[in-house]
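J.: sequence plus the predicted model coming up.
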Amino acid sequence: MPSPAASTASVRTILRRFRRNRGGSAAVEFALVAPMFFALLFAIIETALVFFASQVLETVTQNSARQILTGQAQNAGYATASALKSGVICQAGSLANVLFDCTNGIFVDVEDYPSFANMVLSSQIDTNGNFITGNLQYCPGNGGAIVVVRLFYQWPLFVTGLGYNIASLTGSKRLLYGTAAFRNEPFTANPAPC
């Protein structure tokens with residue numbers, strides 16, 4: 001039977017050898033750091049995608065606003081939001097077709113106002129974090145009308161853990177939107193909208 005002093009010495013020897021051996025230290029250190037590194041990397045990528053998609057939606061909003069501003073949308077027969085989506089927003093070759101679900105995902109709100117002072121833009125997010133679609137209108141106005149064009153898209157998020165969550169809607173989604181306010185040029189629409 002080995003003496004307790006000998007077993008203590010052999011345990012010390014094993015621990016000393018274990019401390020000196022650096023063969024697997026890089027793997028152990030990487031295993032400790034890797035989850036945080038990949039979480040940060042994916043959060044950066046997702047934030048960049050959200051900013052890029054937001055910029056694309058803003059550009060599409062400006063292009064749609066230009067069509068309404070000049071009367072081209074009214075005279076081309078875009079009498080509904082879906083007609084504007086298919087004719088201007090989601091045309092073939094558009095970057096909006098690549099990033100967004102154009103047919104069901106983009107929501108259009110076009111309203112005309114009697115003056116800039118009377119503009120009231122309602123929030124499209126309710127107190128529970130749901131997207132409100134019931135108050136969306138399509139009224140591009142005639143020549144000289146003051147118009148606000150807003151486009152909305154519910155962008156799905158994937159990296160929402162570890163305290164990083166940029167969701168503004170329930171279901172891990174962020175509401176992206178583009179807005180343009182302007183006075184229509186003096187044109188005559190055939191037929192007059194709204």
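T.: Perfect, I can see it now. Note that the structure is predicted; figures quoted are calculated from it, not measured.

J.: any idea which helix or strand comes after the helix or strand bottoming out on mean pLDDT in the chain?
T.: Within the chain, judged by mean pLDDT, DSSP states H and E, the helix or strand with the poorest mean is helix 4-20; its value is a mean of 71. As assigned by DSSP states H and E, the chain's next helix or strand after helix 4-20 is helix 25-69.

J.: what's next to the helix or strand following that following helix, contact-wise?
T.: Using DSSP H and E, the next helix or strand after helix 25-69 towards the C-terminus is helix 72-75. Around helix 72-75, the neighbours that count as contacts under C-beta atoms under 8 Å, 6 or more residues apart in numbering are 64, 67, 68, 84, 87, 88, 140, 142, 187, 189, 190, 193. Glycine gets a C-beta too; all of them are placed from N, C-alpha and C.

J.: what's near enough to touch residue 56?
T.: Applying C-beta under 8 Å, 6+ apart, the residues near residue 56 are 95, 96, 99, 100.

J.: look up how far residue 165 lies from it.
T.: From residue 56 across to residue 165, the span is 23 Å (C-beta to C-beta, to the nearest Å).

J.: just the buried ones from the contacts of helix 72-75?
T.: Among the contacts of helix 72-75, those classed as buried by neighbour count (16 or more other C-beta atoms under 10 Å) are 64, 67, 68, 84, 87, 88, 140, 142, 189, 193.

J.: residue 67 against residue 85, yeah?
T.: No. Counting by C-beta atoms under 8 Å, residue 67 stays clear of residue 85, with 11.8 Å between them.

J.: any low-confidence regions in this structure?
T.: 1-9, 18, 21-23, 162, 190-193 (pLDDT under 70).

J.: residue 182 belongs to a strand?
T.: Yes. Residue 182: assigned to a strand according to DSSP: H, G, I helix; E, B strand; the rest coil.

J.: now do the contacts for it.
T.: 65, 69, 146, 147.

J.: what two of those are the furthest from one another?
T.: 65 and 146 (12.2 Å; C-beta to C-beta).

J.: of those two, who's got more company?
T.: Using other C-beta atoms under 10 Å as the criterion, residue 65 and residue 146 rank with residue 65 on top: 24 against 18.

J.: from residue 145, how far out is the more buried one?
T.: 13 Å.

J.: just how off-centre is stretch 63-76 within its chain?
T.: 25 Å (C-alpha atoms, centre = their mean, to the nearest Å).

J.: got it, and stretch 132-145?
T.: 23 Å.

J.: could you count how many residues lie near residue 63?
T.: 16.

J.: go ahead and confirm it touches residue 90.
T.: No. At 11.3 Å, residue 63 and residue 90 do not qualify as touching, with contact defined as C-beta under 8 Å.

J.: so how far is the helix or strand that contains residue 83 from its chain's centroid?
T.: Using DSSP H and E, residue 83 falls within helix 81-84. Put simply, helix 81-84 sits 21 Å off its chain's centre (C-alpha atoms, centre = their mean).
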